[in-house]
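K.L.:
Fold the following.
(chains A and B)
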Amino acid sequence: MTKVELETGGSVWKMLVKPGDQVAQGDTLFILEVMKMEVPYPAPISGEVAATYIAEGDAVEEDQLALEIAP
Amino acid sequence: MTWKAETDEIARRRKLALNQGGTEAIAKQHSQNRLTIRERIEKLIDPGSLEEVGPAAGTPHYDDNGVLTGLDPANFVLGFAKVEGRRIIVGGEDFTLRGGSPSAAGLRKSVYAEELAVQYRLPLVRLHEGSGGSVGGTGGAGPSLPGPVNAPARFRSVAQAMATVPVASAALGAVAGLPAGRLVSSHFSVMSKSTAQILTAGPAVVERAMGEKKSKDELGGWKVHTKNGTVDNGAEDEAACIAEIRRFLSYMPDNIYQLAPVLPCDDPVDRCDEHLLEVVPRNRRQAFDMRSIITSVVDRDSFFEMGRGYGRSQITGLARLNGQTVGVWANDGRFLAGSMTADGAHKARRFMELCETFSFPIVSLVDEPGFMIGSQAERDATIRHGASAVLTAALTTVPWVSVMIRRSFGVAQAAHYGPDGYVIAWPSAESGPLPVEGGVAVAFRREIAAAPDPDARRRELEEQLAAKQSPFPRAEALGVHDLIDPRQTRPELCRWLDRVQPLLPSLLGPTTFSIRP
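P.N.:
The predicted model follows:
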């Protein structure tokens, strides 16, 4: 299981995946808004989204677990 | 009559010194997945290249007849050695003896490390695992005299070393007190994530003084110290730390009187990556991956980032262009929009000081929206630390090239341009006193409020003003040296570096300011 953690705090602007989705490495998983900038998070590996822990509109913090991908 | 008895005694003492803290202490060190200082040094240096200084130093034990029965070697190993054929000074505490807390001879050897490096003008590598002084003194049992009033200032040589030769250090186990102070007094420091902690004072002292109960890792593990800038980098284990130090040294000259070695380069100087045409999104709200630009324009695999976990809106590191060392500084728009925070400014200032000390040309890739704002930023004294970075840039004498990648705003952007620097802009460059998104809302507050559709009017004004921040008028006014196709960035940088070569020899030697921790 590969964990995707947030590099910065901010708010979740767009969730582009949900549990059960297949993703390829490099696909954008979600987009944070940080200081008025959109910060996309690419999938670190290909696999299935096992769980998501953030939702659109959430205020989030650095190091927070965002989602998990099963290879 | 020969001196055989004495030479036998010399040989016996050398052998005793190699015993370090004894079989049991060494086994304990290994059981905790840590190497001994001698093993660490062997991993760092070219095989067989250690020429020890003071191998006979230590505390002797004699029997009643005055015959030597044992020797506790000084718990600091020090010597000359070679890395990739280049001579260095290397030293480190021996944790298997007194837990690295300095013995009398160990202390003498440890403080000699910086003096040797300055005297011989050689890079210094310190491999730390040890604590500071003990209230029992350096000698253990028995009275110990305080130092005389005319003893040389202990830290003068530490500061001199930083102004004269490259200093790289690693924390490989628990490092506290004096060794911790010296660990951070370096141009590059790295700590082992699996075995090291850095502590101003350890858990027992902290609990006694503050009533705070914390483990060594909670107090000073890598998660704490790679984020607060105590060390530049964290690496998985001891071997990875030592590999990072070897890599750092490869970029460095032996001292401030020399230019860094130029390595053969098989990456074409005219290589143009198509990726650069589309890396900056047209949508100005979308962040992009600055590191992918850095790795694309410098020599392949040559970017060595320092301080990634700290002041993260700024990216700093060493790299090569056509085989020659340059300092690279860029903004990371993915972190706090790339804005200049207090810690980012401190990181940038230290980086500029490093480049100035060793006469490295600076490559600045600019996407600076300005100083970080908000109540936390005010509490952090951002403007003061930021101004410190701006003024440091203004005082540098090394050549600069600044590439305006995207944003270049406010006072903070001034830190990204050196005096008489060469400035080139990408078509995506925008610059001005402040980004339109913030500026329009303030400057046109009444007009926006009075409009039938305030939001639409605000967007309209933003678009109008954003057009004025385009790089074309700037290029027409010779406000930049050139406006370039982003794909041409590497060839442009390599040509610039070739042009500044005649300036570099005159920069060698002591600088008006050097680098401090």
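K.L.:
At the contact with chain A, which residues of chain B appear?
P.N.:
For chain B, the residues in contact with chain A (CB under 8 Å from any CB of the partner chain) are B:283, B:285-287, B:312, B:333-337, B:339, B:369, B:437. To be clear about C-beta, it is placed using only N, CA and C from the backbone, and glycine gets the same treatment.
K.L.:
what about B:E24, neighbour count?
P.N.:
The tally of other residues near B:E24 (other CB atoms under 10 Å in any protein chain shown) stands at 9.
K.L.:
Secondary structure class of it, three-state.
P.N.:
helix (DSSP: H, G, I helix; E, B strand; the rest coil).
K.L.:
so who does it touch?
P.N.:
With contact set as CB atoms under 8 Å, 6 or more residues apart in numbering or on different chains, B:E24 has no partners.
K.L.:
For B:M210, state which of the residues of chain B next to chain A is nearest.
P.N.:
Nearest to B:M210 among the residues of chain B next to chain A: B:R312, at 29.3 Å, using CB to CB.
K.L.:
so B:A429 touches B:I405, yeah?
P.N.:
Yes - counting by CB atoms under 8 Å, B:I405 is a contact partner of B:A429 at 6.8 Å.
K.L.:
Find the nearest non-adjacent residue to the residue of chain A found nearest chain B, please.
P.N.:
For chain A and chain B, the shortest gap (CB to the nearest CB) falls at A:M35, measuring 3.6 Å. Using CB to CB, 6 or more residues apart in numbering or on different chains and skipping residues adjacent in sequence, the residue nearest A:M35 is B:A337, 3.6 Å away.
K.L.:
Just the pLDDT at that neighbour, thanks.
P.N.:
What the model reports as pLDDT for B:A337 is 91.
K.L.:
quick one, what contacts it?
P.N.:
B:A337 makes contact with A:V34, A:M35, A:K36, A:M37, B:A287, B:S313, B:P369 under the criterion CB under 8 Å, 6+ apart.
K.L.:
So which bits of stretch B:360-380 are buried?
P.N.:
By 16 or more other CB atoms under 10 Å in any protein chain shown, the buried positions in stretch B:360-380 come out as B:360-372, B:377, B:380.
K.L.:
What subset of the residues of chain B next to chain A is buried?
P.N.:
Buried among the residues of chain B next to chain A by 16+ other CB under 10 Å: B:A287, B:R312, B:G333, B:R334, B:F335, B:L336, B:A337, B:S339, B:P369, B:E437.
K.L.:
of all those, which two lie farthest apart?
P.N.:
Most distant of those, by CB to CB, are B:R312 and B:E437, 22.0 Å apart.
K.L.:
quick one: contacts for the nearest residue to B:P361 once chain neighbours are set aside?
P.N.:
Nearest residue to B:P361, sequence neighbours excluded (CB to CB, 6+ apart): B:P399, at 4.6 Å. Listed by CB under 8 Å, 6+ apart, the contact set of B:P399 reads B:P361, B:I362, B:G418, B:G421, B:Y422, B:W496, B:V500, B:L503, B:L504.
K.L.:
B:T69 now?
P.N.:
B:H61, B:Y62, B:D63.
K.L.:
what's the next secondary structure element after the helix or strand hosting it?
P.N.:
Per DSSP states H and E: B:T69 is located in strand B:68-73. Once the chain leaves strand B:68-73, the next helix or strand it forms, by DSSP H and E, is strand B:76-83.
K.L.:
Nice, that's everything, thank you.
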